[in-house]
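J.: 3D, please:
(chains A and B)
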2 protein chains.
Amino acid sequence: MYFAEPVAKLIEQLSKLPGIGPKTAQKLALHLLETPEEEAEALATAILTARKNTRYCSTCFNLTDTDPCAICQNPSRNRKLLMVVEEPRDVAVIEKTGSFNGIYHVLHGALSPIKGIGPEDLKVRELLIRLSKEPVDEIILATNPTIEGEATAMYLASLLKPLNFKVTRIAHGLPVGSDIEYADELTLRKALEGRRILE
Amino acid sequence: MYFAEPVAKLIEQLSKLPGIGPKTAQKLALHLLETPEEEAEALATAILTARKNTRYCSTCFNLTDTDPCAICQNPSRNRKLLMVVEEPRDVAVIEKTGSFNGIYHVLHGALSPIKGIGPEDLKVRELLIRLSKEPVDEIILATNPTIEGEATAMYLASLLKPLNFKVTRIAHGLPVGSDIEYADELTLRKALEGRRILE
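T.: Numbers count the residues shown, from 1 in each chain, chains lettered A, B, ... in the order given. Reported below is the predicted structural model:
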């Protein structure tokens, strides 16, 4: 033990955070000990308050401090357009673009046989119950363009299409500002498949 | 606001930490909300406990939960050998090597005219008072090999030498495992100046 015990304990707790190694944990711990006391307390309080005051929306399963969440409650959102995403952070990313005015459904993961994650571990049943009650026309599958995300989208499409929903998938293709030269084969193939007529 | 308010607040507090940008802060916040509640609470508690139970040792100014600190209290340490370092983390690094059995004095910074840090902002006066009372023979100046650290070492040497202490500076040279080809000029020059006879 090269640090006093409470310091060592703080370093240990910080190094449990994702992407924080022992060196960074040490730097953060010493910062928290040298910063004005209010700063350190504000962080501790923010952690406790966020844990106490946030839950998952019982409708869309996004992180929220009200139930239903602000988006589900908002009368100006288009309730006929539902976007399915993997995680709460995806909702934040889409909201930031300002280009979507529908509602969401957060699955809390993607199918992954390797990790042992099946449909029963995701909010799939909740989606089906919700769709039986709400006036949704189109379901946009916005799971990640990864193997797991694709598998999840395919699985959901196979469930939802027979129920006569319009099921769409977000486009794959070249990211804006990227270079064809450095694009991987699969992305290029998807970009070709998804080509559109210029009008 | 794309996240619920308590979540946004947590992200904001986390992004005040050094080296934590908004993306990482978001990742950490969502982790803290999805991890078991005990984990999040353990971190908050560790922050508060560390703040409450650590102070600076009134002798050496290292971070400690006892006063004097464990090193200053330890009767098996050599009290005639005192190492001056910039920060508490330097004490931890030296202790980890296990190759020093003396005592420390933590300056809490280095001289920097640009940042407006003068001797009165460091624990220099405290060092002189301490040296007037303790039976120190040799003072090892282990400030960083940076412009500020060098200036601080020079300044301390000019204060301490007239008081008839043996004042030494940690060696500069090539780091073990490095490659002469990639060494910078200044390091190489210092390595040459510091050459020793092989016996």
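
J.: centre-most residue in chain A?
T.: With distances taken as Cα atoms, centre = their mean, chain A has residue A:87 as the residue nearest its mean C-alpha position (2.2 Å).

J.: packing partners of the longest helix seen in chain A?
T.: If you go by DSSP state H, chain A has its longest helix at helix A:37-53. Applying 3 or more Cβ pairs under 8 Å, 6 or more residues apart in numbering or on different chains; DSSP states H and E, one finds that helix A:37-53 contacts helix A:22-34, helix B:5-14, helix B:22-34, helix B:37-53. C-beta coordinates here come from the backbone N, C-alpha and C atoms, glycine included.

J.: can you list contacts of the helix or strand that it is followed by?
T.: Beyond helix A:37-53 on the C-terminal side, the first helix or strand identified by DSSP states H and E is strand A:55-56. Residues from elsewhere that reach strand A:55-56 (Cβ atoms under 8 Å, 6 or more residues apart in numbering or on different chains): A:62, A:63, A:64, A:65, A:67, A:106, A:108.

J.: what is the neighbour count of residue A:68?
T.: Residue A:68 sits with 15 neighbouring residues when counted by other Cβ atoms under 10 Å in any protein chain shown.

J.: excluding covalently adjacent residues, which one is nearest to residue A:140?
T.: Sequence neighbours aside, residue A:83 is the residue nearest to residue A:140 in space, at 4.5 Å (criterion: Cβ to Cβ, 6 or more residues apart in numbering or on different chains).

J.: strand partners (parallel or antiparallel) of the helix or strand harbouring the one you found?
T.: Using DSSP H and E, residue A:83 sits within strand A:81-85. Applying DSSP bridges to the sheet, strand A:81-85 is found paired with strand A:103-106 (parallel), strand A:138-141 (parallel).

J.: please compute how far the longest helix of chain A lies from its chain's middle.
T.: Relative to the centre of its chain, helix A:37-53 is centred 23 Å away, using Cα atoms, centre = their mean, to the nearest Å.

J.: do stretch A:138-156 as well
T.: Taking Cα atoms, centre = their mean, one finds stretch A:138-156 lying 13 Å from the centre of the chain it belongs to.

J.: tell me which residues in it are buried?
T.: Using 16 or more other Cβ atoms under 10 Å in any protein chain shown as the test for burial, stretch A:138-156 gives A:139-145, A:148-150, A:152-153, A:155-156.

J.: same thing with stretch A:60-77?
T.: So for stretch A:60-77, counting by 16+ other Cβ under 10 Å, buried means A:60, A:61, A:62, A:63, A:64, A:65, A:69, A:71, A:72, A:77.

J.: gap between the two ends of that stretch?
T.: 13 Å (Cα to Cα, to the nearest Å).

J.: any part of that stretch near chain B?
T.: Yes: using Cβ under 8 Å from any Cβ of the partner chain, stretch A:60-77 reaches chain B at A:63, A:64, A:65, A:66, A:69, A:70.

J.: quote the end-to-end distance of stretch A:170-187.
T.: Stretch A:170-187 end-to-end distance (Cα to Cα) = 14 Å.

J.: tell me the domain boundaries of chain A?
T.: With domains defined by automatic domain parsing, chain A comprises A:5-53, A:63-193.

J.: which ones are touching the nearest residue to residue A:61 once chain neighbours are set aside?
T.: Of all residues not flanking residue A:61 in the chain, residue A:106 sits nearest, at 4.2 Å (Cβ to Cβ, 6+ apart). Shown in contact with residue A:106 (Cβ under 8 Å, 6+ apart): A:56, A:60, A:61, A:62, A:85, A:86, A:87, A:88, A:90, A:91, A:123.

J.: just to revisit the earlier point, could you dump the helices and strands packed on helix A:37-53 to TSV with distance to residue A:45 and mean neighbour count?
T.: Converted to TSV, these look like this (distance: least, Cβ to Cβ, whole Å; neighbours: other Cβ atoms under 10 Å in any protein chain shown):
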stretch	distance to residue A:45	mean neighbour count
helix A:22-34	13	19
helix B:5-14	8	21
helix B:22-34	13	19
helix B:37-53	8	18
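
J.: determine which of the ones you listed approaches residue B:161 most closely.
T.: helix A:22-34 (31.1 Å; Cβ to Cβ).

J.: picking up where we left off before, how many neighbours does the residue nearest to residue A:140 have?
T.: 21.

J.: quick check: beta-bridge partners of it?
T.: Where residue A:83 sits in a bridge, its partners, by DSSP bridges, are residue A:104, residue A:140.

J.: what are the neighbouring residues in contact with it?
T.: Contacts of residue A:83 by Cβ under 8 Å, 6+ apart are A:94, A:100, A:102, A:103, A:104, A:105, A:139, A:140, A:142.

J.: so the third one sits against residue A:76, correct?
T.: No: counting by Cβ atoms under 8 Å, residue A:102 sits too far from residue A:76 to count as a contact (11.2 Å).

J.: circling back to that earlier point, just the contacts of strand A:55-56: which are in strands?
T.: A:63, A:64, A:106 (DSSP state E).
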